[in-house]
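K.L.:
coordinates for the following, if possible.
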Amino acid sequence: MESVFSLLQKNVLDRRSWTTRQQLRIAIATWIERTYHHRRRQPRLGRLTPVEFEAIMNMPAALAA
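P.N.:
Modelled structure (predicted):
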């Protein structure tokens with residue numbers, strides 16, 4: 001399993017050069033929130049990704065409607 005830092009290096013830092021630290025900071029935060037946290041399996045969610053967990057939790061609501 002790759003570490004978060006190697007994934008960050010490959011997916012954000014090595015993709016382009018950054019002119020300011022603020023741009024890099026925003027790119028890192030965006031990658032973490034939009035990509036990493038949505039794909040990483042969460043122990044608190046029964047080893048499901050947040051997307052999988054939301055799909056399971058929303059299914060009963062859709063069936064009730």
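
K.L.:
residue 41: neighbour count?
P.N.:
Neighbour count for residue 41, taken as other CB atoms under 10 Å: 12. Yep, even glycine has a C-beta here, placed from its N, CA and C like the rest.

K.L.:
how far away is it from residue 3?
P.N.:
Using CB to CB, to the nearest Å, one gets 15 Å for the distance from residue 41 to residue 3.

K.L.:
now the terminal residues of stretch 36-46, how far apart.
P.N.:
Start-to-end span of stretch 36-46 (CA to CA, to the nearest Å) is 17 Å.

K.L.:
hmm, who's touching it?
P.N.:
4, 7, 8, 47, 48, 49, 50, 51, 52, 53 (CB atoms under 8 Å, 6 or more residues apart in numbering).

K.L.:
at 10 Å what do you get?
P.N.:
Stretch 36-46 is contacted from outside by 4, 7-8, 11-12, 28, 31-32, 47-54, 56-57, using CB atoms under 10 Å, 6 or more residues apart in numbering.

K.L.:
write the PyMOL selection for whichever of the residues you listed are buried.
P.N.:
In PyMOL, a selection of the buried entries from the contacts of stretch 36-46 looks like this (16 or more other CB atoms under 10 Å):
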select buried, resi 7+8+12+31+32+53
